[in-house]
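> what follows is a protein structure lacking sequence information:
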C-alpha cells in the first residue's frame, strides 16, 4: 500500500444524530466549587498584573530584601530577597519579620538558634480592582469580564473533577449510546464479520476465565452488541473526521505499528500486523475520535453548568 493512501471504512453513516442534542443535565451532580482554592487561583492571576510599590512595613505576601547574621549558616547572608509568608525560606523565620519596618533591626529565633536581621526594603504588589474593564486589559485569551475570569479559574477545578470522578464517564457513555441508537448506519458485511470475529475471541476469553463454565446467553449478546456499537461509532467518527478535513492514512497505521514494535521488541512486525490489522486499527481510531469529541462536549456541559 502507498503510505499516503487513505484508510476509510466501508460501513457508512447515512444519518448522524447530533450529540449536542443529548441532555446530560441529570449527570451534572456531585461537584461544588472550592472557594478557597478559587481565591488562591484568582490571587495568583491578579498578582501577575498588580502594581509594585515600595512600602515601609513588612506584611504577608511582600517581597523584602533582608540582611541576616547568625551562627546558623543557613541564616547568614546579605541582601537576600524573601517572599514573606510563602514558607520558601522558613515559615517560622518569615512570620517574625511581619510588622518590621525598613531599617529596623531585630533578633528572631529559628531552628533552635538566633538570627539578627535588618530590613533593607519592602515591595508590595497592589492587586488591581476586579472590574470588567480591568480584566479585559489583561488580554487573556477568551477572558474579557469578571465572570469570564471566574469561569476560567473554576474551570480548572472542573477539569480535575472530570479526570477523577466516574460520573462524567457515565455521562459520556450515555451520549455515545444515544448517538449510536439514533443514527442510521449501513454496516458493511465484511466489517461486520470482522467485528464478530473480535467478539467471538472476547467471548472465548471470558469463557476461559470462567474455568470452562461458559457465559450466559445474555452476556454473550451484550458483548456482540458492544462490538457492533463500536463499528457504528467508528462509521460516524469516520464521517465526522472527513467533515473536519481529516482522514486516517497508511502513514498513521505504519506509525502505530512502529510504536508497537518499540513497545514489544520481542515480537516481530509481521506478528504485530497480524494481530493489529488495518481494519481493527481504523475501527478503533475512528471510534476513539468520536469518543474524544463526545468527551469534549460533556466537559463543556459541565463547565457551562458549574462555572457560573
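Arrived safely, thanks for sending. Keep in mind the model is a prediction, meaning the values are calculated, not measured.

> which SS class is residue 107?
What DSSP: H, G, I helix; E, B strand; the rest coil gives for residue 107 is strand.

> surely it meets residue 100?
No: using CB atoms under 8 Å, residue 107 is not in contact with residue 100, being 11.5 Å away. C-betas here are computed from N, CA, C, even on glycine.

> what segments of the chain are helices?
Listed in chain order, the helices found in the chain under DSSP state H are 35-48, 91-95, 132-137, 146-164, 167-182, 189-209, 217-243, 250-263, 269-275, 278-306.

> so which of residue 107 and residue 100 has more stuff around it?
residue 100 (21 against 11; other CB atoms under 10 Å).

> what sits closest to residue 226 if chain neighbours are left out?
Excluding the flanking residues, the one nearest residue 226 by CB to CB, 6 or more residues apart in numbering is residue 199, at 7.9 Å.

> coming back round to it: ok, which of the helices of the chain comes nearest residue 8?
helix 217-243 (6.0 Å; CB to CB).

> could you list the buried residues of the closest one?
Under the neighbour-count criterion of 16 or more other CB atoms under 10 Å, helix 217-243 has 220, 223-224, 227-241 buried.

> give me the buried positions along the longest strand belonging to the chain.
Ordering each strand of the chain by length in residues (DSSP state E) puts strand 113-126 first. If you call a residue buried by 16+ other CB under 10 Å, then strand 113-126 has these buried ones: 115, 117, 118, 119, 121, 122, 124, 125.

> what of stretch 251-263?
252, 253, 256, 257, 260.

> likewise for stretch 69-79?
70, 75.

> one more: stretch 44-57?
Buried, per 16+ other CB under 10 Å, within stretch 44-57: 45, 46.

> which outside residues touch that stretch?
Contact with stretch 44-57 is made by 62, 99-102, 121-128, 130, 137-138, 149, 153, as judged by CB atoms under 8 Å, 6 or more residues apart in numbering.

> before we move on, what about stretch 82-89?
Residues from elsewhere that reach stretch 82-89, judged by CB under 8 Å, 6+ apart: 58-66, 94-95, 97-98.

> need those residues in a markdown table with distance to residue 171, can you?
Shown next, in a markdown table, are the contacts of stretch 82-89 (distance: CB to CB, whole Å):
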| residue | distance to residue 171 |
| --- | --- |
| 58 | 50 |
| 59 | 46 |
| 60 | 42 |
| 61 | 40 |
| 62 | 46 |
| 63 | 45 |
| 64 | 49 |
| 65 | 53 |
| 66 | 53 |
| 94 | 45 |
| 95 | 46 |
| 97 | 50 |
| 98 | 48 |
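
> dump the residue contacts of residue 128.
Counting by CB under 8 Å, 6+ apart, the residues that residue 128 touches are 46, 49, 50, 51, 134.

> list phi and psi for it.
phi -70, psi 160 (degrees, to the nearest 10).

> name whatever forms a beta bridge with the residue in the chain sticking out farthest from the centre.
Distance to the chain centre peaks in the chain at residue 105, reaching 48.7 Å (criterion: CA atoms, centre = their mean). Residue 105 has these beta-bridge partners by DSSP bridges: residue 118.

> for it, give me the pLDDT.
pLDDT recorded at residue 105 is 96.

> any idea how many residues pack against residue 154?
Neighbours of residue 154 under the rule other CB under 10 Å: 22.

> the one 4 residues further on too?
A total of 20 residues lie near residue 158 under the criterion other CB under 10 Å.

> which ones are touching the residue nearest to residue 80 when sequence neighbours are not counted?
Nearest residue to residue 80 in three dimensions, chain neighbours excluded: residue 66, at 6.0 Å (CB to CB, 6+ apart). Going by CB under 8 Å, 6+ apart, residue 66 touches 80, 82, 97, 117, 118, 119, 120.

> and what of residue 76?
Contacts of residue 76 (CB under 8 Å, 6+ apart): 68, 69, 70, 115.

> quick check on it: phi, psi?
phi -130, psi 110.

> for the remainder of this discussion, apply numbering that starts at 18.
Right, with 18 as the first residue, what we last looked at is residue 93.

> quick one: pLDDT of it?
93.

> cool, residue 270 as well?
At residue 270, the predicted lDDT confidence score is 95.

> repeat for residue 162
Taking residue 162 on its own, its pLDDT is 95.

> what does residue 228 give?
So, for residue 228, pLDDT stands at 56.

> swap in residue 39?
96.

> now do residue 19
Value for residue 19, per-residue pLDDT: 49.

> same deal with residue 304?
Looking at residue 304, the pLDDT reads 96.

> from what I see, it and residue 246 are in contact.
No: counting by CB under 8 Å, residue 246 is not a contact partner of residue 304; they are 9.0 Å apart.

> just to revisit the earlier point, ok, so of the contacts of residue 145, who is nearest residue 128?
Using CB to CB, these come closest to residue 128 at residue 67, 32.4 Å.
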